[in-house]
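1. next input, structure requested:
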Amino acid sequence: MPNYNFLDKKSGKEWTEEFSISDKEAYLEKNPHIEQIFTTMTIGDPVRLGKTKAPADFSKYILGKVKERNPLGNVERKAGTIPREW
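-> So this is what the prediction gives:
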């Protein structure tokens, strides 16, 4: 079941509850002074989503080590040319 963040409009208190979708909708209908709020989203990788860029030395240090330890892998095909770290 997913976690939802709520705000009590009367007291200003914020908290997190675990509900099914139907239970959450019923809870909000019974309590009109409570609303669902959205704080952070942890859905995916920000680099793959295009929100941030990978560090400049990522290819050299991380992917280079992966390729070195897995010579038959396909890291180069996916990431381009990867320099080795010496």
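2. residue 10 touches residue 33, doesn't it?
-> Yes - counting by C-beta atoms under 8 Å, residue 10 does reach residue 33; the two are 5.2 Å apart. Every residue, glycine included, has its C-beta placed from N, CA and C.
3. who touches both of the two?
-> When C-beta atoms under 8 Å, 6 or more residues apart in numbering defines a contact, no residue borders residue 10 and residue 33 alike.
4. please give the element, helix or strand, for residue 68.
-> Following DSSP states H and E, the helix or strand that holds residue 68 is helix 64-69.
5. where in this structure is the helix or strand with the lowest mean pLDDT?
-> helix 75-79 (a mean of 54; mean pLDDT, DSSP states H and E).
6. which helix of the chain spans the most residues?
-> With secondary structure taken from DSSP state H, the chain has its longest helix at helix 21-30.
7. and the next helix or strand after that helix, what's buried?
-> The helix or strand immediately downstream of helix 21-30 is strand 34-37, counting by DSSP H and E. Using 16 or more other C-beta atoms under 10 Å as the test for burial, strand 34-37 gives residue 34.
8. strand 34-37 - contacts with which helices or strands?
-> strand 3-8, helix 21-30 (3 or more C-beta pairs under 8 Å, 6 or more residues apart in numbering; DSSP states H and E).
9. quick one: work out the angle between the shortest one and helix 21-30.
-> Using axes from the mean of the first three to the mean of the last three C-alpha atoms, to 10 degrees, the inter-axis angle of strand 3-8 relative to helix 21-30 is 0 degrees.
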